[in-house]
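Participant: with the input below, show me the fold.
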Amino acid sequence: MTDPELTRNQKLVLAAISRAGRPVSAYDILSDIRPHGIKSPVQVYRAVKKLIENGAVHKVESLNAFVPCAGRHAHGPRTTILAVCEQCGRVTEFSDDITDRRLAEWAARERFDIEATSIEVNGRCADCMLERDRG
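Facilitator: Here you go, the predicted structure:
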């Protein structure tokens, strides 16, 4: 999705999520963009839903929060893997061809139509582990 295709609300929401530098809730987003005339959580949720559908944003289910996609790329059937640092809250996105292949094989065997896949891995990032080891 390119920026000209975004609605005004989607642009505001995406900018708020991108500026945050951490996973943000819909209410955090609303607080940030309220001065721009967005007054309802429903407006935020609608924009976020479209941004997720178009691959610009990911939902971190364990935090009920949102992060920008690591790069503008088509997700399609690819599995999104989010590594969530439980100490600082940093979220790192990656994907893995072997995971995708295994899920596709399983789905074919089970005759299951996968629409989207998201995996979260919780732990500590390298910076937080280094900080812990120093202390």
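Participant: can you give me the buried ones in the helix or strand harbouring residue 16?
Facilitator: Assigned by DSSP states H and E, residue 16 belongs to helix 8-20. By neighbour count on 16 or more other Cβ atoms under 10 Å, the buried set for helix 8-20 is 9, 10, 11, 12, 13, 14, 15, 16, 17, 20. The way it works is simple: take the backbone N, C-alpha and C, and place the C-beta from them, glycine included.
Participant: out of the residues you listed, flag the one nearest to residue 26.
Facilitator: Using Cβ to Cβ, residue 13 comes nearest to residue 26 of the buried residues of helix 8-20, at 9.0 Å.
Participant: can I assume the closest one is in contact with residue 46?
Facilitator: No - at 9.0 Å, residue 13 and residue 46 do not qualify as touching, with contact defined as Cβ atoms under 8 Å.
Participant: helices of this protein, residue ranges please.
Facilitator: Using DSSP state H, the helices assigned to the chain run over residues 8-20, 26-33, 41-53, 97-110, 126-134.
Participant: what's the closest of the ones you listed to residue 84?
Facilitator: helix 126-134 (11.5 Å).
Participant: pLDDT score for the spatially most central residue of the chain?
Facilitator: The residue lying closest to the centre of the chain (Cα atoms, centre = their mean) is residue 58, at 1.8 Å. Note for residue 58: predicted pLDDT of 93.
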